[in-house]
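Colleague: Give me the fold of what follows.
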Amino acid sequence: MVAPRILIVEDDGLIASDLKKNLESFGYEICDTVSSGEAAIERVAAKKPDLALMDIMLSGALDGIRTAEIIKNRFTTPIIYLTACSEEKIFQEAKITEPYGYVLKSCNNRELHIAIEVALYKRKADDEKNKLISELQQALATIKQLHGILPICSSCKKIRDDKGSWKQLEVYISEHSEADFSHGYCPECGTKALEEFNAFKKSRKKDGKNP
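Modeller: Numbering: from 1, shown residues only. Below is the predicted model of the structure:
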């Protein structure tokens, strides 16, 4: 089984080192450790981690919330905030980026492990849901259904459309479905056509004309 790959985004070198050691003890692969939002975006693009642990206070021009927002808009990498920020205002701002978790650095290793496993499971479920939605949308895009009562001529079999025009059956069906037509004879009509053709040849021969 392939180990989930995690990107650590943390500007405190000691904390980042401890995180790396703890996460590897859980069986995760650390694909990289970075200290700025700019570097995090570059690593996500290049290494496509399964999850990113994101501190909110980072080095550089981008904080963790803005970085997570950019990653969310450009990629599908799930984000867990692992931060010392417990202020309600910060939490509300972070919540808008739809993270897969918000964990305080004061949590123990087990709590962090559980948060990561839940996030990875949710990501898998979201991928399956999005795949199903995409398949359903593709199916719906190709389906056109005829419904209701269709006025059809008892003699020529033309169908009257909603604008009052009478159209050949195959034309009407082609316009209201994904069906295509190829023309031919059914056995009864084929026999009838052959009989009519033979009768026509006989009449031409009787009149002294070439068939």
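Colleague: if I look at L58, how far off is K95?
Modeller: L58 sits 18 Å away from K95 when distances are taken as C-beta to C-beta, to the nearest Å. To be clear about C-beta, it is placed using only N, CA and C from the backbone, and glycine gets the same treatment.
Colleague: For those two, work out which one has more neighbours and name it.
Modeller: Taking other C-beta atoms under 10 Å, L58 and K95 do not tie; L58 has more neighbours (24 against 12).
Colleague: other SSEs contacting the longest helix seen in the chain?
Modeller: The helix spanning the most residues in the chain, taking DSSP state H as the definition, is helix 109-141. With contacts taken as 3 or more C-beta pairs under 8 Å, 6 or more residues apart in numbering; DSSP states H and E, helix 109-141 sits against helix 13-25, strand 51-54, strand 79-83, strand 101-104.
Colleague: Find the centremost residue of the protein, please.
Modeller: S134 (4.1 Å; C-alpha atoms, centre = their mean).
Colleague: if we can go back for a sec, most tightly packed of the helices and strands packed on helix 109-141?
Modeller: Highest mean neighbour count of those: strand 51-54, a mean of 27 (counted as mean count of other C-beta atoms under 10 Å).
Colleague: Within the sheet, what are the partner strands of that strand, with directions?
Modeller: strand 5-9 (parallel), strand 79-83 (parallel) (DSSP bridges).
Colleague: will you turn those into TSV that also has mean pLDDT and distance to I65?
Modeller: Below are those laid out as TSV (pLDDT from 0 to 100; distance: least, C-beta to C-beta, whole Å):
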stretch	mean pLDDT	distance to I65
strand 5-9	97	12
strand 79-83	94	8
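Colleague: can you put these in a markdown table and add distance to C31?
Modeller: Below are the strands paired with strand 51-54 laid out as a markdown table (distance: least, C-beta to C-beta, whole Å):
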| stretch | distance to C31 |
| --- | --- |
| strand 5-9 | 4 |
| strand 79-83 | 15 |
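Colleague: do you know which of the ones you listed lies nearest S182?
Modeller: Among those, the nearest to S182 by C-beta to C-beta is strand 5-9 (52.6 Å).
Colleague: Give me the residue ranges of this protein where confidence is low.
Modeller: For the chain, residues meeting the criterion pLDDT under 70 lie at 140-148, 200, 204-211.
Colleague: coming back round to it: can I get the helices and strands packed on helix 109-141 in a markdown table including distance to L150?
Modeller: Converted to a markdown table, those look like this (distance: least, C-beta to C-beta, whole Å):
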| stretch | distance to L150 |
| --- | --- |
| helix 13-25 | 65 |
| strand 51-54 | 55 |
| strand 79-83 | 54 |
| strand 101-104 | 56 |
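Colleague: Which among these is found nearest to L112?
Modeller: Of the helices and strands packed on helix 109-141, nearest to L112 by C-beta to C-beta is strand 101-104, at 6.1 Å.
Colleague: residues in contact with the closest one?
Modeller: Where contact means C-beta atoms under 8 Å, 6 or more residues apart in numbering, the residues beyond strand 101-104 that reach it are 80-84, 86, 91, 94-95, 111-112, 115-116, 118-119.
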